[in-house]
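Undergrad: Only the shape, not the letters, is given here:
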Ligand SMILES: [Zn+2]
């Protein structure tokens, strides 16, 4: 599943290639994505519009269009957004195509069709933020030790589930939550109300370092993913604990364990990441 770094890489890759280009025509397959295709809004607000910019919010790819419309993609499990010469052959799972005024086509490809595309015209955006329920971005100033301390007060859920809650912070998916907690030497089952401010500071700092590194390296290729230029990323070589159960801890050589927390595979080193003693 594409996570925050992969989505960021797609946005950064596409931005210079499609900004200031006009969308001349839209084509779509008759296959349904996770949400119904917003046909009327597409023709009213997207066709004929210029793309002003590309940016990311959580794991959404936002295309800002003239007239203040926002077109929002989510890659789901297997979605890919890439740019191709308009004349190049269509692939089987190309569900959406946007013909641009430079002879290129922006194509949304999705084998499993858990991805989505939505259109928010300016009027709708004025009535309410479509992302109102989402927590802060990991790179924002709002994501701080004080903020996490306040959100964790009185709660006893495991820190791993807390960090993967999109209303707490967005984009720290399963891979990066596992890697951050290992880097911070925090046991993933630690109840959040037991963490001290300095531990939260470490989690904030290390999550940013790990995400930044993944973005720099072009995103992970653990799942079926290509970045906008079609080259695979290489971050999977750098993972310390994720998917490494039974292998030696890179720090102490103890065997990495796998458990399940909140229904998600969790990997940790029992020696480096100890649970705090019971109160
Ligand atoms: Zn270890």
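TA: The structure has been received and is ready for your questions. Values in this document were obtained by computation on a predicted structure and should not be read as measured data.

Undergrad: Now for the residue lying closest to residue 274 once chain neighbours are set aside: which residues touch it?
TA: Once flanking residues are discounted, residue 274 sits nearest to residue 187: 5.8 Å by C-beta to C-beta, 6 or more residues apart in numbering. All C-beta spots, glycine's among them, are computed from the backbone N, C-alpha and C. Contact analysis of residue 187 by C-beta atoms under 8 Å, 6 or more residues apart in numbering lists 159, 181, 268, 273, 274, 275, 276.

Undergrad: again with residue 50
TA: Neighbouring residues of residue 50 by C-beta under 8 Å, 6+ apart: 20, 21, 22, 23, 65, 66.

Undergrad: swap in residue 207?
TA: Contacts for residue 207 were tallied using C-beta under 8 Å, 6+ apart; they are 138, 163, 172, 176, 180.

Undergrad: Can you get me a residue count around residue 72?
TA: Residue 72: 16 surrounding residues under other C-beta atoms under 10 Å.

Undergrad: where does it land on pLDDT?
TA: Note for residue 72: predicted pLDDT of 96.

Undergrad: again, but for residue 146
TA: Turning to residue 146, the model gives it a pLDDT of 98.

Undergrad: ok, for the residue of the stretch 101-250 of the chain found nearest the ion, nearest residue in space, not its chain neighbours?
TA: In the stretch 101-250 of the chain, the residue that lies nearest the ion is residue 249 (3.1 Å; C-beta to the ion). Distances taken as C-beta to C-beta, 6+ apart place residue 269 nearest to residue 249, at 4.0 Å, with adjacent residues excluded.

Undergrad: right, and that neighbour touches residue 253 too?
TA: No: when contacts are counted by C-beta atoms under 8 Å, residue 269 is not listed as touching residue 253 (9.3 Å).

Undergrad: Neighbour count for those two, which is higher?
TA: Remark: of residue 269 and residue 253, residue 269 carries more neighbours, 23 against 10, as counted by other C-beta under 10 Å.

Undergrad: Give the full set of residues in contact with the more buried one.
TA: Shown in contact with residue 269 (C-beta under 8 Å, 6+ apart): 182, 241, 249, 251, 252, 254, 256, 257.

Undergrad: And the furthest pair within those residues?
TA: Greatest spatial distance among the contacts of residue 269 (C-beta to C-beta): 251 and 257, at 14.2 Å.

Undergrad: ok, back up a step: same list (the contacts of residue 187) but as a markdown table, adding secondary structure, distance to the ion and pLDDT.
TA: Below are the contacts of residue 187 laid out as a markdown table (DSSP: H, G, I helix; E, B strand; the rest coil; distance: C-beta to the ion, whole Å; pLDDT from 0 to 100):
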| residue | secondary structure | distance to the ion | pLDDT |
| --- | --- | --- | --- |
| 159 | helix | 17 | 98 |
| 181 | helix | 12 | 98 |
| 268 | strand | 9 | 98 |
| 273 | coil | 7 | 98 |
| 274 | coil | 10 | 95 |
| 275 | coil | 14 | 94 |
| 276 | coil | 17 | 90 |
